[in-house]
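Trainee: how would this look folded up:
(chains A, B and C)
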Amino acid sequence: MDPILFFIFAAVAVICAISLIVQKHPIKSALSLIGVMGSLAILYLLLGAEFIAAAQLIVYAGAIMVLFVFVIMLLNAGEEKSPARPSWFAKLLGIPLMIALLGILSYVIQRAAPEGSLAFGEYTGGAREVGRALFTTYLLPFEITSVLILIAILGAVVLAKKEL
Amino acid sequence: MNGVPLSWYLILSAILFALGAAGFMIRKNMITVFMCIELMLNAVNLSFVAFSRHFKTIDGQIFTFFVMVVAAAEAAVGLAIILTVFRNRSTLQVDDIDSLRL
Amino acid sequence: MNFFLLSLIKVGLVAAVLMTTLAYLQWVERKVIAHIQLRVGPSRVGPHGLLQPLADVIKLITKEDLIPAHVNKFFYLMAPILAVALALTSISVIPFGPQINVFGVETYMQLTDLNIGVLVLLAISGLSVYGIALAGWASNNKYALLGGLRASAQMISYELPLALAIASPLLLHNSLSLREIVNAQDGYYFGFLARWAIFQMPMPQIFAFILFMIGAFAETNRIPFDLPEAENELVAGFHTEYSSMKFAAFFMAEYANMITICALATILFLGGWHPPFPVELGSGYVPSAIFGMAAAIALFHGLNPARPKDRFTLPVFAIAFFGLAIAFAIPVLNSILLPLFWFASKTGFLLFLFIWVRGTLPRFRYDQLMRFAWAWLFPVSVVHLFATGLLVALYSN
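Mentor: Numbers count the residues shown, from 1 in each chain, chains lettered A, B, ... in the order given. As a prediction, the model looks like this:
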């Protein structure tokens, strides 16, 4: 069951990612990215990371991507203009080189990755474990991120203001 | 066969990262370029979670959480910058935004 | 019993009840609004307009399915499907009652219990923005686009106070599973005051409840926050270009979201299926008494009819209510029906509140809406969460 689910959602993720980079219209790209995020959330569930899966949907798909879609709709961004002179060299060699690179990469990962397979349900890290680690071991990074977010809010407000 | 080997997750993560990087280089629309960065972050998150599962520790998930938080902050500031650029130059094409002054 | 067979039966039951409720909620809303405005409301189709939902369904199905020429077809068709699918999915994690025993089969009155039920509901409500935003964008119409823009801005803004308002009762309940949250609200103070979250020590969550309800109005795009479909500014907002079943899909999504969010409020703040006062004080007889009284009133008015046809319809209602009253008095059915009764009556009251507010309040202006969310609701919910956390920490030591 696990490998089947993995392959289905890995395929969905890869197809959506390809669609993200070949679609001409930004809103179609944005929806493809949401597809990637959704299938990754399911892969996280398969890996036993419930809280991260939910956070992926709430934070990434539900907040960040809504912001993207909102900005695209606000700016009324249209279709992208294709580059004036596409280079024949890049056209001819780009895709074969990419496949070769991925092949080498997969081979190296296959060789270097630790042995052993992961079955569903052997290990789960739920919200309780994440929360405990976040407020004990990782308390300082957590507090620093909150300051980072505050700075980001201020920066966004200042930047988006009509006149300073 | 009952489980999924760790290397499969890592390969999927590598594929997604490569696609994100490729999109980052070939796309011309500023918003799409930004989305490709998000795709790369997501790919890295997947390998963090897979490692967290493999070594049976929670740390990888914590890192994923931090990446998400940073991505949220980055999206807020980045989109505000894109809005400002669009207001000043009325274009989203990265090629057209090549001078430092207005 | 086979797990899949059991799940299939439960899904069928929940789907049938949910669809009927969706159709009749519309009837209830029209009737209540009509009586608030001193009108009669739907009264032609069936007794008291009771068959009106059926007529509406037939009308919506048989209407011509228009696809305007200037729309982006793929997204135009995807948006209503997305909206209604997400809205109906969220009901699957809502628990309606405790563990029950039907013909020797032990089961929970819930489709699935997740460890992270609350987070799943938040995730689905976050994703449901896309249905509306895409509808607005794909329609290729300026009113629809403005509606979609307003919806996405409004729903991101109000999701923050909503999530913060959900977080403070979670501190008391110490769980993310909806069933455990309800179980944590079992019991009574001093033998009569229910341990619901809105009364629970050390920090009664009554303010969180109010904040949650305000956020819920905005999340479901209801008056006073129905800016995405404000008809005097935007024609019909994001669904201007939709007709027939696709329009019905948005309508269903709105009502399903309303039901889900009211059920969530019941679970988080009003103790789920636990009665408001203990069984020792006679809470088990309340449904029988209510339905018996309703039967008596209907019978009285049937015997002294105001209109000729009431002579036939009201006695029928009286018999139905009387049957319900007897059903609640049978000890065997009690363990199943009583929790359902309390859950449904609390959720129903909150739904009535939604309709009541629609009949009472005018619509906000857009800048007021945003200012209200960020300058008032958000700080208040942060302070409330902080106070709850502090009290819970002090109390537990």
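Trainee: which residues does the residue of chain A found nearest chain C contact?
Mentor: Nearest residue of chain A to chain C: residue A:62, at 2.4 Å (C-beta to the nearest C-beta). Bear in mind the C-beta positions are built from the backbone N, C-alpha and C, glycine included. By C-beta atoms under 8 Å, 6 or more residues apart in numbering or on different chains, the contact set of residue A:62 is C:122-123, C:125-127, C:129, C:159.
Trainee: Which of those residues has the largest number of neighbours?
Mentor: residue C:129 (27 neighbours; other C-beta atoms under 10 Å in any protein chain shown).
Trainee: Over to that one: give its phi and psi.
Mentor: phi -60, psi -40 (degrees, to the nearest 10).
Trainee: quick one, phi/psi of the residue lying closest to it once chain neighbours are set aside?
Mentor: Leaving aside its chain neighbours, residue C:129 sits nearest to residue C:155 (4.7 Å; criterion: C-beta to C-beta, 6 or more residues apart in numbering or on different chains). Main-chain dihedrals, residue C:155, degrees, to the nearest 10: phi -70, psi -30.
Trainee: and what of residue C:98?
Mentor: phi -80, psi -170.
Trainee: just residue C:101 next, same as before
Mentor: phi -130, psi 100.
Trainee: Enumerate every residue touching it.
Mentor: Taking C-beta under 8 Å, 6+ apart as the test, what residue C:101 contacts is residue C:335.
Trainee: one more time with 6 Å, if that's ok
Mentor: By C-beta atoms under 6 Å, 6 or more residues apart in numbering or on different chains, the contact set of residue C:101 is empty.
Trainee: what's the spacing between it and chain A?
Mentor: 28 Å (C-beta to the nearest C-beta, to the nearest Å).
Trainee: what's the answer for residue C:43, then?
Mentor: 42 Å.
Trainee: buried residues in whichever strand or helix holds residue C:348?
Mentor: If you go by DSSP states H and E, residue C:348 is part of helix C:331-360. By 16 or more other C-beta atoms under 10 Å in any protein chain shown, the buried positions in helix C:331-360 come out as C:334, C:337-348, C:350-351, C:354-355, C:358.
Trainee: Please apply the same query to stretch C:92-101.
Mentor: Of the residues in stretch C:92-101, C:92-98 count as buried by neighbour count, 16+ other C-beta under 10 Å.
Trainee: Can you flag which of those residues belong to strands?
Mentor: C:97-98 (DSSP state E).
Trainee: Make TSV out of the buried residues of stretch C:92-101 and add distance to residue C:198 and pLDDT.
Mentor: Below are the buried residues of stretch C:92-101 laid out as TSV (distance: C-beta to C-beta, whole Å; pLDDT from 0 to 100):
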residue	distance to residue C:198	pLDDT
C:92	26	86
C:93	22	87
C:94	19	86
C:95	19	86
C:96	20	83
C:97	20	77
C:98	20	80
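Trainee: nearest to residue C:246, of the buried residues of stretch C:92-101?
Mentor: Checking those against residue C:246 with C-beta to C-beta, the nearest one is residue C:92 at 23.7 Å.
Trainee: ranges for the strands of the chain?
Mentor: All of this refers to chain A. A:117-118.
Trainee: Oops, wrong one, chain C.
Mentor: C:97-102, C:105-109, C:188-189, C:193-194.
Trainee: Would you indicate which residues of the second one are buried?
Mentor: Spelled out, that is strand C:105-109. Quick answer for strand C:105-109 (16+ other C-beta under 10 Å): residue C:109.
Trainee: Give the rounded mean pLDDT of that strand.
Mentor: Here strand C:105-109 scores 74 as its mean pLDDT.
Trainee: same check, this time on the last one
Mentor: Mean pLDDT, computed over strand C:193-194, is 76.
Trainee: in the stretch 101-250 of chain C, what residue is nearest chain A?
Mentor: residue C:126 (2.4 Å).
Trainee: Against chain B, how distant is that residue?
Mentor: 13 Å.
Trainee: which residues sit in contact with the residue nearest the centre of chain A?
Mentor: By C-alpha atoms, centre = their mean, the mean C-alpha position of chain A lies nearest to residue A:37, the distance being 5.4 Å. Applying C-beta under 6 Å, 6+ apart to residue A:37 gives the contacts A:60-61.
Trainee: circling back to that earlier point, state the distance from the residue nearest to residue C:129 to residue C:60.
Mentor: Using C-beta to C-beta, to the nearest Å, residue C:155 is found at 26 Å from residue C:60.
Trainee: what do you get for residue C:313?
Mentor: 26 Å.
Trainee: go on, residue C:378?
Mentor: 39 Å.
Trainee: Residue C:108 now?
Mentor: Relative to residue C:60, residue C:108 is positioned 35 Å away (C-beta to C-beta).
Trainee: and residue C:175, what does it touch?
Mentor: Counting by C-beta under 6 Å, 6+ apart, residue C:175 has contacts residue C:181.
Trainee: How about residue C:194?
Mentor: Counting by C-beta under 6 Å, 6+ apart, residue C:194 has contacts C:188, C:271, C:276.
Trainee: ok, of those, which one's closest to residue C:374?
Mentor: Distances from residue C:374 to the contacts of residue C:194, taken by C-beta to C-beta, are shortest for residue C:271, at 31.8 Å.
Trainee: Test my guess that that closest one contacts residue C:184.
Mentor: No - taking contacts as C-beta atoms under 6 Å, residue C:271 lies outside contact range of residue C:184: 9.5 Å.
Trainee: In terms of neighbours, single out the busier of these two.
Mentor: residue C:271 (26 against 20).
Trainee: how far away is the residue nearest to the more buried one when sequence neighbours are not counted from chain B?
Mentor: Leaving out its chain neighbours, the residue that sits closest to residue C:271 by C-beta to C-beta, 6+ apart is residue C:196, at 3.7 Å. Residue C:196 is 32 Å from chain B, where distance means C-beta to the nearest C-beta.
Trainee: dump the residue contacts of whichever residue of the stretch 151-300 of chain C sits closest to chain B.
Mentor: Nearest residue of the stretch 151-300 of chain C to chain B (C-beta to the nearest C-beta) works out as residue C:156 at 11.0 Å. Residue C:156 makes contact with residue A:66 under the criterion C-beta under 6 Å, 6+ apart.
Trainee: Okay, it and residue C:125: tell me how far apart.
Mentor: 11 Å.
Trainee: Can you confirm whether the longest helix seen in chain B lies near chain C?
Mentor: If you go by DSSP state H, chain B has its longest helix at helix B:59-89. No - shown here: helix B:59-89 not in contact with chain C (C-beta under 6 Å from any C-beta of the partner chain), separated by at least 11.0 Å.
Trainee: and that helix, what does it pack onto?
Mentor: Using 3 or more C-beta pairs under 6 Å, 6 or more residues apart in numbering or on different chains; DSSP states H and E, the elements in contact with helix B:59-89 are helix A:65-75, helix A:139-160, helix B:30-54.
Trainee: Is it possible to get a markdown table of the ones you listed that adds mean neighbour count, mean pLDDT and distance to chain C?
Mentor: Formatted as a markdown table, those follow (neighbours: other C-beta atoms under 10 Å in any protein chain shown; pLDDT from 0 to 100; distance: least, C-beta to the nearest C-beta, whole Å):
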| stretch | mean neighbour count | mean pLDDT | distance to chain C |
| --- | --- | --- | --- |
| helix A:65-75 | 22 | 85 | 5 |
| helix A:139-160 | 14 | 88 | 10 |
| helix B:30-54 | 23 | 88 | 14 |
